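**Q** pasting the structure only:
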Ligand SMILES: [Zn+2]
């Protein structure tokens with residue numbers, strides 16, 4: 001039974017990536033709720049509070065990876081694959 005529920009959880013995560021991420025501005029420290037593109041990375045995003053242009057940190061593929069509460073969809077998939085192996 002626990003196997004079935006684990007598989008179900010995997011399916012839910014796989015088909016329903018998280019669309020909303022909370023970005024934390026490194027300049028003013030305020031939070032912005034941002035909708036993510038489901039199948040792509042967003043490299044730049046302007047903080048609506050202070051106007052700072054957020055850029056990904058070195059090694060991160062997009063601002064959601066660097067400043068978001070959840071990683072971007074490709075990163076989520078990569079982590080899932082990594083967990084399965
Ligand atoms: Zn800001």
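**A** The structure has been received and is ready for your questions. The structure presented is a predicted model; accordingly, all values stated were derived computationally and were not measured.

**Q** my read is residue 82 is in a strand, agree?
**A** No - the assignment for residue 82, made by DSSP: H, G, I helix; E, B strand; the rest coil, is helix rather than a strand.

**Q** Distance check, it against the ion.
**A** 32 Å (C-beta to the ion, to the nearest Å). Heads up, the C-betas are built off the backbone N, CA and C, glycines and all.

**Q** The closest residue to residue 31 other than its chain neighbours - how many residues pack around it?
**A** Counting by C-beta to C-beta, 6 or more residues apart in numbering, residue 22 is the residue found nearest to residue 31 once chain neighbours are left out, at 5.1 Å. Residues within reach of residue 22, counting by other C-beta atoms under 10 Å, total 13.

**Q** could you say which helix or strand contains residue 22?
**A** strand 20-24 (DSSP states H and E).

**Q** Please name every helix or strand in contact with the next helix or strand after that strand.
**A** Following strand 20-24 in sequence order, the next helix or strand is strand 31-35 (DSSP H and E). The contact analysis (3 or more C-beta pairs under 8 Å, 6 or more residues apart in numbering; DSSP states H and E) places strand 31-35 against strand 20-24.

**Q** The strand it packs on relative to strand 31-35, how many degrees between them?
**A** Using axes from the mean of the first three to the mean of the last three C-alpha atoms, to 10 degrees, the direction of strand 20-24 lies 150 degrees away from that of strand 31-35.

**Q** near the ion, anything from strand 20-24?
**A** No - using C-beta under 5 Å from the ion, we find that strand 20-24 stays clear of the ion, coming within 8.8 Å at best.

**Q** ok so, going back, relative to the strand holding residue 22, what are the paired strands and their orientations?
**A** Its sheet considered, strand 20-24 pairs with strand 31-35 (antiparallel) by DSSP bridges.
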